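Chemist: Provided below are the primary sequence and the corresponding predicted coordinates.
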Amino acid sequence: MCGKAIKYGETVCSDKCQEEYEKYLKKRKMYIYIMYIALAFLLVMMFLQIM
């Protein structure tokens, strides 16, 4: 996350980077859920247009 080298077998270099990485993952999951909700909304709208 910060650009520093990390030891083999570790994901991040420090606790601060671990916290930033977890925040990044939470944001990414939230955006994915929003995309799925938007897609479902569009499909429902298209289905209603057909009927």
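Modeler: The structure has been received and is ready for your questions. Numbering: from 1, shown residues only.
Chemist: which stretches of this structure have low pLDDT?
Modeler: The model of the chain has no residue with pLDDT under 70.
Chemist: ok, which stretches of it are helices?
Modeler: For the chain, the helices defined by DSSP state H occupy 15-50.
Chemist: In it, which residue is most central in space?
Modeler: Nearest residue to the geometric centre of the chain (Cα atoms, centre = their mean): Arg28, 1.3 Å.
Chemist: ok, it to Leu39 distance?
Modeler: 17 Å (Cβ to Cβ, to the nearest Å). Where C-beta positions appear, they are placed from N, C-alpha and C, glycine not excepted.
Chemist: Counting neighbours, what do you get for Cys13?
Modeler: Cys13 has 15 neighbouring residues, counting by other Cβ atoms under 10 Å.
Chemist: Roughly how far does it sit from Met1?
Modeler: 8 Å.
Chemist: what does Cys17 give?
Modeler: 4 Å.
Chemist: before we move on, what about Tyr21?
Modeler: 5 Å.
Chemist: Which neighbours do those two have in common?
Modeler: Common contacts of Tyr21 and Met1 (Cβ atoms under 8 Å, 6 or more residues apart in numbering): Val12.
Chemist: Nearest residue to Cys2 in space, please, no chain neighbours.
Modeler: Computed as Cβ to Cβ, 6 or more residues apart in numbering, the closest residue to Cys2 that is not its neighbour in sequence is Cys17, at 5.3 Å.
Chemist: which residues touch the one you found?
Modeler: So Cys17 contacts Met1, Cys2, Lys4 (Cβ under 8 Å, 6+ apart).
Chemist: number of nearby residues for the last one?
Modeler: So that's Lys4. Neighbours of Lys4 under the rule other Cβ under 10 Å: 9.
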